[in-house]
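Colleague: sequence plus predicted model, see below.
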Amino acid sequence: MLKDAKKILNQYFGYSSFRHGQSQIIELLLAGNNSLGIMPTGGGKSICYQVPALLLNGTAIIISPLISLMKDQVDSLTSLGISATYINSSINHTEQRERLQRLRNGDYQLVYVAPERFESTEFISSLRTITLSLIAFDEAHCISQWGHDFRPSYRQIIPNLQQLGQLPPLIALTATATDKVVQDIQQLLDIQPTHIVSTGFARDNLAFNIVKGSRKDDFILDYIKERYKEAGIIYTPTRKTTDALYEVLQKAGYKVARYHAGLTETERQEAQTAFIQDESLIMVATNAFGMGIDKSNVRYVIHYALPMNIEAYYQEAGRAGRDGEPSDCYLLFSPQDIQLQKFLIEQSMMDEEKKQQEYEKLQSMVNYCHTHQCLQTYILDYFGDQTNYEDCGKCSNCLNSGEQVDMTKEAQMILSCVKRMDERFGATLTAKVLKGSKSAKVLELNFQRLSTYGLLSSYKEKEITHLINYLAADGFLAIHDAKFPKLKLTKLAYDVLTGQKQVWMQIASKKTNEQTDYHEGLFESLRNLRKILADERKLPPYVIFSDATLKEMSRLLPTDKAKLLQIKGVAEKKYEQYGEDFLEAIEQFINENEQIEPILAPTINLPNDHIVKHDETEAHDKPSYLITYEAFQQQSIQEIAQERNLTEMTIESHLFKAVKEGLELEWTKFFSSDDEKLILHTYQSLEEKKLKQLKEKLPEGISYTAIKAVLIKNDLM
Ligand code: ADP
Ligand code: MG
Ligand code: ZN
């Protein structure tokens with residue numbers, strides 16, 4: 001059965017292999033089980049029901065909360081030669097009738113509906129007359145009252161479903177589900193625990209970045225100067241900021257759209273369409289924008305200010321890179337932004353308890369801006385994702401992790417100062433005391449008498465505040481009373497004060513520039529061609545081919561039908577419609593550029609699904625980690641990093657990946673056998689098996705690299 005599924009995937013969608021999780025879910029469905037799939041945004045949830053819908057007898061009903069997404073999905077399917085439609089309130093009654101009639105005739109393989117449709121008796125009785133292949137609940141967290149987007153109409157479906165009598169397999173899909181929500185979905189849709197497939201929440205094509213202390217408008221202008229051909233979203237905290245930034249960008253000559261709740265319905269609609277059609281590449285918006293936007297080629301999402309919590313941040317930032325191509329997420333942080341969020345919480349109608357919860361969530365968001373941990377890991381920890389990930393190797397913290405410095409002494413001074421100030425004050429005043437400031441507040445409270453007064457006078461006050469924030473972010477200090485923050489010592493803090501624990505901080509180093517691994521000129525002209533074809537057909541450009549597909553064309557330069565069909569995302573039907581046009585454009589590019597050659601080895605961070613298997617169909621696309629592995633036989637990590645323009649951390653992770661794939665590594669290049677023994681011994685003695693704890697217990701000379709290598713060699717990581 002799975003073989004047939006793979007065939008469909010290839011024939012209709014042009015993909016050569018399933019992504020992580022997809023095949024498990026499809027197998028469950030094909031075997032007639034109800035199932036729940038939890039995958040991150042862009043993980044490929046649609047394929048999980050689309051492929052079975054094509055394989056199984058009958059019509060598939062897809063329940064989706066977002067009317068605006070249905071048309072897109074249906075357009076995409078139709079362009080692949082699949083018979084699909086949607087029935088919702090955006091079409092008039094006559095049209096609805098017609099589509100219902102065709103549904104009863106069994107004309108459609110997939111029908112998208114909003115949950116409210118199940119309240120129509122005509123719809124229910126139509127369903128009773130036909131064979132259903134499956135019923136899919138997209139964005140299934142909406143069904144749970146614990147979910148953050150609870151929709152009562154989603155829940156109402158359940159009793160109405162009973163009226164159908166015999167039910168086809170049900171499939172629920174979501175990217176966000178806490179344990180509570182999972183249990184709820186499971187119970188409502190009668191899903192057995194073994195029929196839940198979760199791939200974790202990691203988005204490995206996204207590079208998370210925090211930017212501090214730069215002028216925000218300048219940062220944005222600088223950033224988009226390099227990216228003016230790519231689509232991105234800039235989230236601003238208020239309508240006023242949206243308008244202001246919109247003007248700045250417009251004055252600078254960019255094609256920019258804006259979106260916020262203060263605009264008219266028409267204005268918003270126009271802005272959204274312009275963005276989806278690649279007319280305006282930059283969207284400046286408040287968080288009102290984005291629900292129901294499935295645009296897959298958003299290359300960056302910038303947050304102009306601190307969002308309210310990690311949930312909101314991950315959802316908004318996650319709108320970048322749905323197509324799996326490397327994309328950037330930037331958060332421009334300045335401490336003043338916290339005030340706005342607090343104000344919003346304070347002004348809200350929530351009761352005290354709920355407000356307190358929101359303050360705590362806000363604090364986790366602030367901590368995200370101060371942590372020195374891998375940013376992706378921080379987010380995954382926040383969501384309680386138990387999967388054992390390596391650090392991402394491309395967030396601003398991973399890339400800055402050049403050097404670790406022992407800051408234990410400074411930390412001790414800060415912690416004892418907090419203690420001496422009775423744990424009643426925030427970071428600003430504590431920094432002043434440590435700096436030895438003569439500010440009125442300090443003198444008024446007589447803090448110049450404290451033994452910790454002026455202990456860190458060699459640091460700038462700003463640096464001390466930074467250190468304090470870092471200690472709070474990594475759990476040495478707790479922030480008590482989020483509204484008027486007061487620093488408090490934690491258990492960890494006492495370990496530091498008694499010398500049982502060290503504190504390490506990273507010293508920033510410069511981020512290396514990424515190098516593209518495709519012919520940019522060709523990508524450019526293919527993108528233009530796509531735009532023209534899209535406009536002719538009134539389709540969003542990414543429905544024709546995704547950025548990922550165009551980049552692969554620009555890398556491999558296919559010159560005939562067979563080669564073009566091997567490109568990810570090009571299948572027979574697509575070839576029929578657009579193949580020749582694209583081949584022609586590639587041909588032309590080759591003619592205009594002498595000595596141009598396919599780039600066989602991608603050189604930048606690839607999304608995971610490129611790396612997993614050595615499938616013969618993907619032989620042309622040598623995985624990056626293997627290139628590294630081969631080079632490592634002759635060269636050092638530093639040399640390879642330099643030559644491939646990647647960070648040493650990435651090179652390391654390539655090598656470790658190679659080991660996990662079963663290749664041999666010369667371990668003596670990483671550690672001596674004595675070190676190995678020591679590391680293993682220390683590891684055994686740890687209560688909490690965490691890398692950081694391990695590093696801290698070991699002598700200074702033993703590097704993170706050595707530790708990781710030992711753990712990997714011994715299958716402990
Ligand atoms: P989700 O609903 O999980 O956010 P989508 O179903 O919209 O994600 O898919 C995201 C992108 O991934 C789409 O562009 C889709 O075509 C692509 N995709 C899905 N499955 C595969 C696959 N097996 N191989 C390559 N690309 C895929
Ligand atoms: Mg989806
Ligand atoms: Zn990282």
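Modeller: Received it, and whenever you're ready, just let me know what you need. Ligands and ions are numbered 1, 2, ... in the order given.

Colleague: which parts of the chain sit against ligand 3?
Modeller: Applying Cβ under 5 Å from the ion, we find that the chain lies next to ligand 3 at 374, 376, 391, 392, 395, 398. All C-beta atoms are positioned from the backbone trio N, CA, C, and that covers glycine.

Colleague: and for the closest residue to ligand 1 within the stretch 51-200 of the chain, nearest residue in space, chain neighbours not counted?
Modeller: Ranking the residues of the stretch 51-200 of the chain by distance to ligand 1 (Cβ to the nearest ligand atom) places residue 175 first, at 6.3 Å. Nearest in space to residue 175, with sequence neighbours left out and distances taken as Cβ to Cβ, 6 or more residues apart in numbering, is residue 41 at 4.8 Å.

Colleague: show the pLDDT at that neighbour.
Modeller: Model confidence at residue 41, expressed as pLDDT, equals 84.

Colleague: burial of it, as a residue count?
Modeller: Residue 41 is flanked by 19 other residues according to other Cβ atoms under 10 Å.

Colleague: same check, this time on residue 397
Modeller: Counted by other Cβ under 10 Å, the residues lying close to residue 397 total 22.

Colleague: okay, and it sits in which element?
Modeller: Take DSSP states H and E as the rule and residue 397 turns out to sit in helix 396-400.

Colleague: chain center to that helix, what's the gap?
Modeller: Its chain's C-alpha centre and that of helix 396-400 lie 17 Å apart, by Cα atoms, centre = their mean, to the nearest Å.

Colleague: same question for that helix, mean pLDDT?
Modeller: Mean per-residue pLDDT for helix 396-400: 83.

Colleague: if you count neighbours, what's buried in that helix?
Modeller: By neighbour count on 16 or more other Cβ atoms under 10 Å, the buried set for helix 396-400 is 396, 397, 398, 399, 400.

Colleague: so residue 293 makes contact with residue 272?
Modeller: Yes. Here residue 293 reaches residue 272: they are 7.3 Å apart, a contact under Cβ atoms under 8 Å.

Colleague: roughly how far apart are the residue nearest to residue 195 when sequence neighbours are not counted and ligand 1?
Modeller: Of all residues beyond its chain neighbours, the one nearest residue 195 is residue 35 (4.4 Å), with distances taken as Cβ to Cβ, 6+ apart. Residue 35 sits at a distance of 15 Å from ligand 1 (criterion: Cβ to the nearest ligand atom, to the nearest Å).

Colleague: now the phi/psi pair for residue 86, please.
Modeller: Backbone geometry at residue 86, expressed as degrees, to the nearest 10, gives phi -130, psi 150.

Colleague: any stretches of the stretch 1-150 of the chain with poor pLDDT?
Modeller: Judged against pLDDT under 70, the low-scoring parts of the stretch 1-150 of the chain cover residues 146-149.

Colleague: would you map out the domains in this protein?
Modeller: Listed domain ranges for the chain are 2-198, 206-382, 404-506, 520-599, 625-713 (source: automatic domain parsing).

Colleague: ok now the shortest one, how far from the chain's centre?
Modeller: Averaged C-alpha coordinates place domain 520-599 at 27 Å from its chain's average position (Cα atoms, centre = their mean).

Colleague: does ligand 1 sit close to it?
Modeller: Yes. Domain 520-599 lies within reach of ligand 1 by Cβ under 6 Å from any ligand atom, at 546, 568.

Colleague: if we can go back for a sec, now for the helix holding residue 397, which elements pack on it?
Modeller: Here helix 396-400 touches strand 206-212, helix 375-382, going by 3 or more Cβ pairs under 8 Å, 6 or more residues apart in numbering; DSSP states H and E.

Colleague: try 7 Å this time
Modeller: With contacts defined as 3 or more Cβ pairs under 7 Å, 6 or more residues apart in numbering; DSSP states H and E, the secondary structure elements packing on helix 396-400 are strand 206-212.
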